[in-house]
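Asker: Okay, predicted coordinates and the sequence, questions at the end:
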Amino acid sequence: MQAMDEKFVLVNGGTMTVDQVIRVARYMEKVKIGRNCFKKMRLSREYVEKLLREKRIVYGLTTGFGKFSDTYISAEDTKRMQLNLIRSHACGIGPPLTVEAVRATMLLRVNALSLGYSGIRPGVVQLLAEMLNAGVTPVIPEQGSLGASGDLAPLSHLALVLVGEGEAYYLGERLPGSEAMAKAGIQPIMLEAKEGLALINGTQVMTGIGALACFDAINLARWADCTAALTAEALRGIRDAFEPLTHAIRPHTGQGQSASNIRRLTLESRLMTSQGQLRVQDAYSIRCAPQVHGASRDALRYIEEKLEIEINSATDNPLIFADEDRVISGGNFHGQPIALAMDHLSISSSELANISERRIERLVNPHLNEQLPPFLAKDGGVQSGFMIAQYTAAAVVSENKSLAHPASVDSIPSSGNQEDHVSMGTIAARKASQIVRNAYSVLAIELLCAAQAVDFRGPELLGKGTKWIYDRCREHVGFVDEDRVLSNDIHVIAEWMRNTNVQEQIASVIPIE
């Protein structure tokens, strides 16, 4: 039984959110499958067993897979076929996915199977939930999925551990799957008809990676408003560009939110200026921050919506409709909806870093930074200050531009041309995840440069929100009064930003959206 005071995410097959995925994948919350799900899974399984008794020709139950869909499989060979399916499809390569990505995948597989359209025994799904709760995490190589028929190769590596094969992490060790299960006190299972296919046919790897990246990107967008606000003050920015009048007549939701955030963060600032006070208008990277950040915010809202639809969808093949006495072999495993969303995530996150790098340039360039020291060095010439930090930001945004090339526009036929259009959705998700990580590093560099610039201006002149940002930054990294290795500073700030829900943390000072 679940302890009454222990947090857990309830799996009911239909209402899971990205936030819940993060709680289980990243913060190790446990899961509990709802009773209604067991009822639906039992009905579906009973129907599958009826079909087997009647020896009906059904893809994946009494036939082979892919190009072998026309090959009849006898009842006595069914169990062997399921295990062979898992073994033969477990051909991923490359470094393993992160533990949090695999935990997200496991949770989404539990949720999808709990819908009751896969014909799998409830005990197999419960076993997967027990592995999650015990911290048994299959080792899954990150490369090998075409994104249709779902994530076959990576999900096969996951399924291997359920049958006591493959590898898994347990208590920080990488172990043979059977050993990890034994140490956790979990008994592997023998797969029955349809179950191997049910475990590996779906989009949960791309969706799990995507959910993590989208969550981090939403936080990144809020941080982008924060760093832009601090930079605007350091550069004596013009407050008029953020006033509501302009944004009300171009009512994109994200644009309005971003402008409002910058306006609130700089409230009571004595560094911000008015139109015509020092100059008539700022460069685009300052003045157009709401328009650029806002477009990314709107994209992220769309991406999160698509992810949550997919999280709560049945993506198996074939799908079992026991109440209608039907088995339908369709294409819900095709990852195109997530592939397009992940490519959009790559582009929208890249743009947050692109415009941030341009603000970094303005902070360090003596021709652009309103009488701040060149490269923000205390003793220019003897010291280089943040000169090369801008190089690093430029290199990272250039790398992001290459990574942001859409994966979804590519397709390679497979399975004897039976599977002649694939989504590349998992490649798109992996690229998006890397871009988001890169973007945090760029924003970290902007924050460090802006804080350094503010030290020359006077932190006491900052607005209410920007002073909070500055103070928290200085709690982690001090003023650069002499040249030092900046790599660690950048890493510390990037990780702090990624692991800090800025909307939640700053709320007591200034509410932001």
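Answerer: Structure received.
Asker: Only C-alpha atoms from now on, for both contacts and neighbour counts.
Answerer: Noted.
Asker: pLDDT weak spots in the stretch 1-150 of the chain?
Answerer: Within the stretch 1-150 of the chain, the set of residues satisfying pLDDT under 70 comprises 1-6, 60, 64-76.
Asker: in it, which spans are helices?
Answerer: 18-25, 35-53, 75-89, 99-113, 122-134 (DSSP state H, counting those that start in this stretch).
Asker: For the longest one, buried residues please.
Answerer: In this case it means helix 35-53. 37-38, 40-45, 47-49, 51-52 (16 or more other C-alpha atoms under 10 Å).
Asker: Export those as JSON lines, with columns for distance to E357.
Answerer: Formatted as JSON lines, these follow (distance: C-alpha to C-alpha, whole Å):
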{"residue": "C37", "distance to E357": "49"}
{"residue": "F38", "distance to E357": "51"}
{"residue": "K40", "distance to E357": "52"}
{"residue": "M41", "distance to E357": "51"}
{"residue": "R42", "distance to E357": "55"}
{"residue": "L43", "distance to E357": "56"}
{"residue": "S44", "distance to E357": "54"}
{"residue": "R45", "distance to E357": "55"}
{"residue": "Y47", "distance to E357": "58"}
{"residue": "V48", "distance to E357": "57"}
{"residue": "E49", "distance to E357": "60"}
{"residue": "L51", "distance to E357": "61"}
{"residue": "L52", "distance to E357": "61"}
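Asker: which among those residues gets closest to D240?
Answerer: Among the buried residues of helix 35-53, C37 lies closest to D240 (C-alpha to C-alpha), at 54.9 Å.
Asker: and the gap between that closest one and H293?
Answerer: Separation of C37 from H293 (C-alpha to C-alpha, to the nearest Å): 41 Å.
Asker: Could you do P413 as well?
Answerer: For P413, the distance to H293 equals 38 Å [C-alpha to C-alpha].
Asker: Compare these two (neighbour count), which wins?
Answerer: Between P413 and H293, counted using other C-alpha atoms under 10 Å, H293 has the larger neighbour count: 28 against 12.
Asker: residue contacts, the more buried one?
Answerer: A221, A224, D225, G254, Q255, S258, E351, L352 (C-alpha atoms under 8 Å, 6 or more residues apart in numbering).
Asker: One more: T426?
Answerer: By C-alpha under 8 Å, 6+ apart, the contact list for T426 reads S145, L146, G147, D151, V205, M206, A339.
Asker: give me that answer again for 6 Å
Answerer: G147, M206 (C-alpha atoms under 6 Å, 6 or more residues apart in numbering).
Asker: go on, I189?
Answerer: Neighbouring residues of I189 by C-alpha under 6 Å, 6+ apart: V163.
Asker: Kindly report the same for G144.
Answerer: Contacts of G144 (C-alpha under 6 Å, 6+ apart): G92, A153.
Asker: Residue ranges in the protein under the pLDDT threshold?
Answerer: Ranges of the chain meeting pLDDT under 70: 1-6, 60, 64-76.
Asker: hmm, try it at 80
Answerer: Along the chain, the model assigns pLDDT under 80 to residues 1-6, 55, 57-79, 149, 370, 415-420.
Asker: Next, name the residue at the spatial heart of it.
Answerer: Nearest to the geometric centre of the chain sits A213, at 1.8 Å (C-alpha atoms, centre = their mean).
Asker: mind listing the helices for the stretch 401-513 of the chain?
Answerer: 425-457, 464-476, 487-498, 502-506.
Asker: could you redo those as a markdown table and give each row distance to A241?
Answerer: Compiled in a markdown table, these are given as follows (distance: least, C-alpha to C-alpha, whole Å):
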| stretch | distance to A241 |
| --- | --- |
| helix 425-457 | 19 |
| helix 464-476 | 17 |
| helix 487-498 | 26 |
| helix 502-506 | 23 |
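Asker: Give me the distance between the closest residue to D216 other than its chain neighbours and I189.
Answerer: Distance criterion C-alpha to C-alpha, 6 or more residues apart in numbering; nearest residue to D216, sequence neighbours excluded, is R498 at 6.7 Å. Distance of R498 to I189, computed by C-alpha to C-alpha: 38 Å.
Asker: just F321 next, same as before
Answerer: Noted for F321: a distance of 25 Å to I189, by C-alpha to C-alpha.
Asker: what's the helix or strand for the residue nearest to the centre of the chain?
Answerer: A213 is part of helix 204-234 when elements are defined by DSSP states H and E.
Asker: can you check L155 too?
Answerer: Using DSSP H and E, L155 falls in helix 152-162.
Asker: got the CA positions of that helix in PDB?
Answerer: Extracted as PDB, the C-alpha positions of helix 152-162 are listed here (Å, rounded to 0.1, in the frame of the first residue of the first chain):
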ATOM      1  CA  LEU A 152      11.000   0.500 -31.500                       C
ATOM      2  CA  ALA A 153      14.700   0.200 -30.800                       C
ATOM      3  CA  PRO A 154      14.900   2.200 -27.600                       C
ATOM      4  CA  LEU A 155      11.700   0.800 -26.100                       C
ATOM      5  CA  SER A 156      13.000  -2.700 -26.800                       C
ATOM      6  CA  HIS A 157      16.000  -2.000 -24.500                       C
ATOM      7  CA  LEU A 158      13.400  -0.900 -21.900                       C
ATOM      8  CA  ALA A 159      11.400  -4.100 -22.400                       C
ATOM      9  CA  LEU A 160      14.500  -6.300 -22.100                       C
ATOM     10  CA  VAL A 161      14.800  -5.500 -18.400                       C
ATOM     11  CA  LEU A 162      11.200  -6.600 -17.700                       C
END
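Asker: Where do the helices of the stretch 251-400 of the chain begin and end?
Answerer: Per DSSP H, counting those that start in this stretch, the stretch 251-400 of the chain carries helices over the ranges 253-265, 284-287, 289-311, 336-364, 387-403.
Asker: and of those helices, who's closest to V9?
Answerer: helix 289-311 (14.0 Å).
Asker: buried set for the closest one?
Answerer: For helix 289-311, by 16+ other C-alpha under 10 Å, it's 289-300, 303-304, 306-311.
Asker: what's the answer for stretch 179-188, then?
Answerer: E179, A180, M181, A184, I186, P188.
Asker: okay, those residues in a markdown table with distance to V102 next?
Answerer: Listed next are these as a markdown table, based on distance: C-alpha to C-alpha, whole Å:
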| residue | distance to V102 |
| --- | --- |
| E179 | 19 |
| A180 | 15 |
| M181 | 16 |
| A184 | 17 |
| I186 | 18 |
| P188 | 18 |
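Asker: Could you tell me which of the residues you listed belong to strands?
Answerer: Among those, DSSP state E puts none in strands.
Asker: and these, which of them are in helices?
Answerer: Taking DSSP state H, the ones among those that sit in helices are E179, A180, M181.
Asker: ok, the second one to T105 distance?
Answerer: When you say that, I think you mean A180. Counting by C-alpha to C-alpha, the gap from A180 to T105 is 18 Å.
Asker: same deal with the first one?
Answerer: Taking C-alpha to C-alpha as the measure, E179 falls 21 Å from T105.
Asker: Show the contacting residues for G164.
Answerer: Contacts of G164 by C-alpha under 6 Å, 6+ apart are G177, S178, P188.
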